[in-house]
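**Student:** Predicted model and sequence follow; I will ask about them next.
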Amino acid sequence: MSAAVPALAIESLQAGYEPGLLIVRGASLQVQRGEIFAILGPNGAGKSSLVKAVAGLVPISGGRNLLDGRDITRTPAHQMVFNGLAFVPQTENVFVNLSVAENLELAASVMKASRRERVDPVYAMFPDLHRQRNLPAGQLSGGQRQMLAVARALIARPSLLILDEPSAGLSPKLVDQVFLKLREVRDSGVTVLLVEQNVKAALALADRAAVLVEGRERVVATSAELLGDARIAELYLGRHTGKQGSPPPAKEPA
Ligand SMILES: Nc1ncnc2c1ncn2[C@@H]1O[C@H](COP(=O)(O)OP(=O)(O)OP(=O)(O)O)[C@@H](O)[C@H]1O
Ligand SMILES: [Mg+2]
């Protein structure tokens, strides 16, 4: 397929949980093949709803989603992995009562693949998980649990990996570890789309990012451009800088 076809094209997407109540309100984004793309935005902006709608988990009422140019708008959630899209939700993304190995082997069996074929290569990328393979997933540290969720998703050999707030609840050190691994995933040829609250860490990781506000993208730019972009603070705080109720900060010397 030509390099010009984006890994994911979200076109004027409308989605919501109840009829007549749109949460995703005409969002459009293009994620290029081989990049890490971050979706930022204030609480309740619809970030999770947007990626869930792409993954087939929120009813879509308008627009469309193209994965490598193929229309996946109506693809049922459980079919997405067979089309090359793996989604890691924010919570309940591993089976806590199963061991690490069982979590990964189950994912391999869904793909009708053997452990040797699919699980062993993933262990090579996640040696800590191999060491802890007999441990129940519920006993992993937060960071390792997130690693397991990513590893599980990679068993499907997706072309696009979508993650909803992979840094949630992790210490800064663990966020670094998980993000370092996501870089490795990207460098192995998988396109990565993630939702993040942690703006600074996300912009350090991502190649490009979008700020979503009220169900639509407001700003789409490279991370380098967005770092220090005054619009970010404005969009996040839902107000214009300099007009907030609290007194303005002391002016820095020029
Ligand atoms: N399962 C659901 N049923 C009905 N409404 C929902 C559901 N999940 C989310 N919403 C509503 O959709 C809107 C957007 O929520 P969403 O979780 O997509 O935002 P978000 O940007 O991911 O927020 P956060 O930063 O808090 O994770 C909110 O008003 C929320 O109440
Ligand atoms: Mg969310």
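**Tutor:** Okay, I see it. Ligands and ions are numbered 1, 2, ... in the order given.

**Student:** What sits closest to the residue of the stretch 151-254 of the chain found nearest ligand 1 if chain neighbours are left out?
**Tutor:** Nearest to ligand 1 in the stretch 151-254 of the chain, going by Cβ to the nearest ligand atom, is Gln197, at a distance of 5.8 Å. Just so you know, the C-beta spots here come from the backbone N, C-alpha and C atoms, and that holds for glycine as well. Nearest residue to Gln197, sequence neighbours excluded (Cβ to Cβ, 6 or more residues apart in numbering): Glu165, at 6.1 Å.

**Student:** what's the domain layout of this structure?
**Tutor:** 1-84+160-176+189-242, 88-157 (automatic domain parsing).

**Student:** Show me how far the longest one is from its chain's centre.
**Tutor:** The offset between the C-alpha centroid of domain 1-84+160-176+189-242 and the centroid of the whole chain comes to 7 Å, using Cα atoms, centre = their mean, to the nearest Å.

**Student:** likewise stretch 81-91?
**Tutor:** Distance, stretch centre to chain centre, for stretch 81-91: 9 Å (Cα atoms, centre = their mean).

**Student:** ok, back up a step: can you classify the residue of the stretch 151-254 of the chain closest to ligand 1 by secondary structure?
**Tutor:** coil (DSSP: H, G, I helix; E, B strand; the rest coil).

**Student:** Could you point out which of the domains of the chain sits nearest Arg183?
**Tutor:** Arg183 sits nearest to domain 1-84+160-176+189-242 of all the domains of the chain, at 6.9 Å, using Cβ to Cβ.

**Student:** ok, back up a step: and the residue nearest to Gln197, what is it in contact with?
**Tutor:** Residues near Glu165 by Cβ atoms under 8 Å, 6 or more residues apart in numbering: Ser48, Gln90, Leu194, Val195, Glu196, Gln197.

**Student:** Please confirm that the third one is located within a strand.
**Tutor:** Yes: judged by three-state DSSP, Leu194 forms part of a strand.

**Student:** Where does this protein get nearest to ligand 2, residue-wise?
**Tutor:** Nearest residue of the chain to ligand 2, counting by Cβ to the ion: Ser48, 3.1 Å away.

**Student:** Pretty sure that residue sits against Val195.
**Tutor:** Yes: using Cβ atoms under 8 Å, Ser48 is in contact with Val195, at 6.2 Å.

**Student:** Common neighbours of the two, please.
**Tutor:** Common neighbours of Ser48 and Val195 (Cβ under 8 Å, 6+ apart) are Gln90, Asp164, Glu165.

**Student:** got the residues of the stretch 1-150 of the chain near ligand 1?
**Tutor:** Applying Cβ under 6 Å from any ligand atom, we find that the stretch 1-150 of the chain lies next to ligand 1 at Tyr17, Ile23, Gly41, Asn43, Gly44, Ala45, Gly46, Lys47, Ser48, Ser49.

**Student:** Now intersect those residues with the helices, please.
**Tutor:** Counting by DSSP state H, those place Lys47, Ser48, Ser49 in helices.

**Student:** will you turn the residues you listed into JSON lines that also has neighbour count and pLDDT?
**Tutor:** Compiled in JSON lines, these are given as follows (neighbours: other Cβ atoms under 10 Å; pLDDT from 0 to 100):
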{"residue": "Lys47", "neighbour count": "26", "pLDDT": "98"}
{"residue": "Ser48", "neighbour count": "18", "pLDDT": "98"}
{"residue": "Ser49", "neighbour count": "23", "pLDDT": "98"}
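
**Student:** Make TSV out of those residues and add distance to Phe179.
**Tutor:** Shown next, in TSV, are these (distance: Cβ to Cβ, whole Å):
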residue	distance to Phe179
Lys47	17
Ser48	19
Ser49	23
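
**Student:** Just confirm Ile39 is within a strand.
**Tutor:** Yes: assignment of Ile39 by three-state DSSP places it within a strand.

**Student:** ok, back up a step: out of the contacts of Glu165, which are buried?
**Tutor:** Ser48, Gln90, Leu194, Val195, Glu196 (16 or more other Cβ atoms under 10 Å).
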